[in-house]
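>>> Got a sequence here, can you build the structure:
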Amino acid sequence: MTKPILACIFLFSQLAGEGQSVKSSVDPAGLDKAILRSNQSYAAAKKSGNPDSLFYSLGSMFDAYLESGDYAKSFDYAEQLYNIAISSGKPDRISNSLVNLGKLYSAIEDHPHALNYYRRALAIGVKYDEKSGANHLECYIAEEYAQTAHFDSAWYYFNQYALRQNADSAIYRLSTGECFFMQGNFPRALDNFGTAVRDPDQQHDSRALLDLAKVYAVLNNPKAALIYGRAGVQRALETGASQYIRDGYKIISDAYEQMGYTDSSNDYFRKYSVARDVVLNAQTRGRMAALTYEQEISRMNQENEISEMNLQKQVLMKNVLLAGIALLLLFGFILSRYLIVKRRAEIRQRQIVESELKIQKLETEKSNAELQQQKTELEIKALRAQMNPHFIFNCLNSINRFIIGNDAAKAADYLTKFARLIRIVLEKSGASLITLEEELQALTLYMDLEALRFETPFQYEIQSAGIDKEELLVPSLLIQPFVENAIWHGFQAGQTKRGLIQIQLHLENDRLYCVIQDNGIGISRSQAINRIHREQEKSFGIEFTKERLQLLGQSESQPAVDIQDRTDEAGYILGTVVQLVIPVAHV
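Numbers count the residues shown, from 1 in each chain. Here you go, the predicted model:
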């Protein structure tokens with residue numbers, strides 16, 4: 001057994017026993033108290049009016065919210081710090097504020113912007129000290145190059161840091177170890193991470209512990225990966241570092257799966273899924289805050305340029321006027337001719353300046369439109385990242401019921417379909433458009449899984465004659481919420497009539513018309529039953545789908561969604577019919 005494993009067993013023996021789980025909530029003595037202390041320090045600094053205390057208290061609040069994963073608030077404090085630094089004119093403050101912005105962009109995985117701010121901080125060339133955020137600047141730059149697979153540049157800055165700082169420092173060991181890991185040099189990575197863990201100041205750091213766990217997982221040592229993974233999660237829960245909580249749960253889940261403990265692996269995978277969604281939502285909000293911040297910086301730069309142009313023009317006019325007065329005393333006739341020519345030149349210059357301003361205005365409007373489009377795409381991705389937890393819970397319960405009933409064949413078939421559906425959702429969640437074939441494949445898997453909940457499984461039909469499903473691109477998972485609504489609210493448990501869902505698709509003028517019919521109890525009766533048994537619930541899946549269609553540019557003159565009861569000539573309800581109009585593209 002290696003020295004890092006012995007050290008971790010000694011430090012975290014209470015966490016290494018089989019069956020004992022890491023506590024599931026953040027230690028209130030950690031992050032919450034850090035934020036409280038930072039707020040108290042900020043209030044005191046604001047009251048005293050001391051600019052240095054105010055700057056460092058704002059820096060503490062930035063660090064606390066960055067560690068917690070609240071990137072939107074971190075952007076607010078980073079902007080305040082940058083404005084204070086620019087107003088002060090002090091290079092060390094400007095460097096610190098630029099480093100903070102670099103850390104923030106790195107956290108939301110925008111590595112080009114992060115590298116830009118780090119390099120700007122390095123260009124200032126301030127003197128390093130213990131309070132300086134630029135103290136490890138070369139390591140930060142090297143990490144960004146490593147994240148984008150520019151390893152030659154990464155090692156150049158690592159060497160620059162080693163020449164200026166201690167090459168045995170924990171942050172250097174961690175950063176270079178992660179670079180070795182990304183390059184596939186696992187023995188060197190293991191040695192560096194082990195040194196960082198044994199450092200008295202870093203042995204409880206979740207980053208170092210999780211890095212060790214990742215290496216042991218790759219080296220096919222799941223027991224060591226489990227020990228370090230659980231220790232890293234313990235530390236991350238105490239500090240509230242959501243990104244490390246997410247990584248730790250994934251490592252523990254994989255280690256348990258490799259060791260054959262399926263139940264423990266599934267339990268931690270569920271925790272990982274929740275933590276991943278928390279980090280994803282935080283990064284999404286952070287990216288939107290970053291877009292707003294960059295828009296504001298662009299607008300301010302344009303205003304400054306216009307102000308400088310106006311100032312230069314005023315100076316030029318003043319100089320011309322003084323020269324004209326001097327020349328008027330000496331050369332009246334020559335001066336009059338000169339003024340005429342000068343006036344014509346000014347008119348032409350003014351016309352040129354006005355034309356340039358119009359061009360700049362058009363470019364600004366175009367840039368704002370592109371940024372708005374990016375913001376819309378982020379909102380669509382945030383909506384698409386949702387998945388119904390009740391459906392997942394019911395699927396797992398169905399699998400458990402087959403296992404308890406010793407029906408291995410049905411359990412295996414159900415689990416295979418469930419895994420295929422989850423894989424499709426995860427693989428396509430980042431894509432704006434998928435093929436119609438993939439959409440219908442996911443829909444078919446979903447209906448197959450839902451049908452097993454009923455004593456008399458419902459039937460379904462999908463008609464898409466004349467449509468090339470492989471060549472047609474549609475937004476992902478648009479049809480599924482309406483099918484889910486028909487199953488959950490249209491079909492009642494214990495009903496004698498076999499349920500039937502019919503889906504008809506036809507293409508017309510780059511619009512996919514989708515009609516969904518069921519023979520359930522209908523909208524009116526379903527709402528009445530909901531009012532009797534519980535408060536009427538709003539279908540968030542359908543509402544999200546309507547919003548997505550609006551974001552995708554659906555025409556307001558033609559409704560994107562229409563839901564009505566089906567009735568016969570006597571007015572008897574035969575079920576529900578839903579009509580969708582979906583914009584499409586071609587491969």
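>>> just for the stretch 401-550 of the chain, where's the confidence low?
For the stretch 401-550 of the chain, the stretches with pLDDT under 70 are 429-430, 492-496, 530-541, 544, 550.
>>> What ranges in the stretch 201-350 of the chain fall below the confidence cut-off?
Using pLDDT under 70, the stretch 201-350 of the chain drops low at 201-204, 294-316, 320.
>>> Which residue ranges of the stretch 1-150 of the chain form helices?
Ranges of helices in the stretch 1-150 of the chain, per DSSP state H, counting those that start in this stretch, are 3-11, 13-16, 31-48, 51-68, 71-88, 91-107, 111-124, 137-147.
>>> how does this structure divide up, domain by domain?
Domain assignment for the chain, taken from automatic domain parsing, gives 302-384, 389-586.
>>> Just name the most buried of those.
Mean neighbours per residue, mean count of other C-beta atoms under 10 Å, is largest over these for domain 389-586, with a mean of 16. Every residue, glycine included, has its C-beta placed from N, CA and C.
>>> what's the spacing between the strand ranked longest in the chain and its chain's center?
Longest strand in the chain by number of residues (criterion: DSSP state E): strand 573-583. In terms of C-alpha atoms, centre = their mean, to the nearest Å, the centre of strand 573-583 is set 34 Å apart from its chain centre.
>>> before we move on, back to that, how about the helices of the stretch 1-150 of the chain, which one is nearest residue 275?
helix 51-68 (13.0 Å; C-beta to C-beta).
>>> quick one: that closest one to helix 31-48, angle?
With axes from the mean of the first three to the mean of the last three C-alpha atoms, to 10 degrees applied, the angle from helix 51-68 to helix 31-48 works out at 160 degrees.
>>> same for the helix or strand harbouring residue 227, what does it pack against?
With elements taken from DSSP states H and E, the one containing residue 227 is helix 222-239. Applying 3 or more C-beta pairs under 8 Å, 6 or more residues apart in numbering; DSSP states H and E, we find helix 222-239 packed against helix 3-11, helix 13-16, helix 206-218, helix 242-259.
>>> Could I get the contacting residues of residue 483?
By C-beta atoms under 8 Å, 6 or more residues apart in numbering, the contact set of residue 483 is 443, 446-447, 501, 503, 516.
>>> Kindly confirm my reading that it is in a strand.
No: Residue 483 sits outside any strand when classified using DSSP: H, G, I helix; E, B strand; the rest coil, being helix.
>>> Please report the distance of it from residue 522.
Distance, residue 483 to residue 522, by C-beta to C-beta, to the nearest Å: 16 Å.
>>> Just put the helices and strands packed on helix 222-239 in CSV and tack on distance to residue 234 and mean neighbour count.
Output for the helices and strands packed on helix 222-239, formatted as CSV (distance: least, C-beta to C-beta, whole Å; neighbours: other C-beta atoms under 10 Å):
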stretch, distance to residue 234, mean neighbour count
helix 3-11, 10, 16
helix 13-16, 6, 14
helix 206-218, 8, 25
helix 242-259, 8, 23
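>>> Compile the contacts of residue 483 into TSV and extend it with columns for distance to residue 153 and secondary structure.
Output for the contacts of residue 483, formatted as TSV (distance: C-beta to C-beta, whole Å; DSSP: H, G, I helix; E, B strand; the rest coil):
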residue	distance to residue 153	secondary structure
443	47	helix
446	46	helix
447	51	helix
501	56	strand
503	53	strand
516	54	strand
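>>> ok, so of those, who is nearest residue 462?
Relative to residue 462, and with distances defined as C-beta to C-beta, the nearest of those is residue 503, at 4.7 Å.
>>> contacting residues around the nearest residue to that closest one once chain neighbours are set aside?
Leaving aside its sequence neighbours, residue 503 sits nearest to residue 462 (C-beta to C-beta, 6 or more residues apart in numbering; 4.7 Å). Residues in contact with residue 462 (C-beta under 8 Å, 6+ apart) are 440, 443-444, 503, 505.
>>> And residue 236, by the same measure?
Applying C-beta under 8 Å, 6+ apart, we find residue 236 in contact with 206, 210, 242, 244-245, 248.
>>> next one: residue 394
residue 453.
>>> quick one: it from residue 453, how far?
To residue 453, residue 394 is 6 Å away according to C-beta to C-beta.
>>> same check, this time on residue 206
Applying C-beta to C-beta, the value for residue 206 to residue 453 is 41 Å.
>>> ok, residue 102 - how many residues close by?
Applying other C-beta atoms under 10 Å, we find 28 residues neighbouring residue 102.
>>> Check for me that residue 563 belongs to a helix.
No: using three-state DSSP, the assignment for residue 563 is strand, not a helix.
>>> from what I can see it touches residue 576, true?
Yes: contact criterion C-beta atoms under 8 Å: residue 563 and residue 576 qualify, at 6.8 Å.
>>> joint contacts of these two?
Listed as contacting both residue 563 and residue 576 by C-beta under 8 Å, 6+ apart are residue 523.
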